[in-house]
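K.L.:
prediction below, plus the sequence it came from.
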Amino acid sequence: MFIEKLMVAYMDDKANHIYYLDTAEQVILLDAIEPDGLPNLEFLDADEPERFVEIPKVLNVEAFSWMVEFESQNQNNELLHALNEDVPFERFNEKVAELNLLEEWQAFQKEKVKNRIENWLIEKKLLELQKQPD
């Protein structure tokens, strides 16, 4: 369940949302950016700066590469055409639904996100948090 919560934070594409992992309490905190464009950061502890680690967000280039890989595995011209349209994310998702590939796409994407989060935990030397009970 902990990994799933990290995955949700990673996939949240709202520009005003910044997620932090509190490594001491092993919880995920949301910091919504103020209307003036500055983060709240009220919970950050100046005495323990390493305690709070910003959770990365999925990059468009990464998400697009997943769509390309999914299309490549399915060898579907309609998906390929969707990737080359003006709004490829929207068109791709529409085509996935039209072609009844939504469950497969969601499972594929979930696996990619899970791998990315696990790698991030390793990079940040936080792998032991992955094994925490919920």
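P.N.:
Thanks, I have it.

K.L.:
F70 touches W105, doesn't it?
P.N.:
Yes. Assessed by CB atoms under 8 Å, F70 is found in contact with W105 at 6.0 Å. Where you see a C-beta, it was placed from the backbone N, CA and C, and this is true even at glycine.

K.L.:
centre of the chain to the lengthiest helix in the chain, how far?
P.N.:
Assignment by DSSP state H gives helix 102-123 as the longest helix of the chain. Between the centre of helix 102-123 and the centre of its chain there are 8 Å (CA atoms, centre = their mean, to the nearest Å).

K.L.:
quick one: contacts for A9?
P.N.:
19, 28, 30, 55 (CB atoms under 8 Å, 6 or more residues apart in numbering).

K.L.:
which two among these are spaced furthest apart?
P.N.:
L30 and I55 (9.8 Å; CB to CB).

K.L.:
quick check: neighbours shared by these two?
P.N.:
Common neighbours of L30 and I55 (CB under 8 Å, 6+ apart) are 9, 19.

K.L.:
so for those two, which residue has more residues nearby?
P.N.:
The residue with more neighbours, out of L30 and I55, is I55; 22 against 14, by other CB atoms under 10 Å.

K.L.:
ok, for the more buried one, nearest residue in space, not its chain neighbours?
P.N.:
Y19 (4.2 Å; CB to CB, 6 or more residues apart in numbering).

K.L.:
all helices of this protein, in order?
P.N.:
For the chain, applying DSSP H gives helices covering 2-11, 60-74, 77-83, 88-98, 102-123, 127-130.

K.L.:
mind checking those for the one nearest to D47?
P.N.:
Here helix 127-130 is closest among the helices of the chain (CB to CB), at 20.9 Å.
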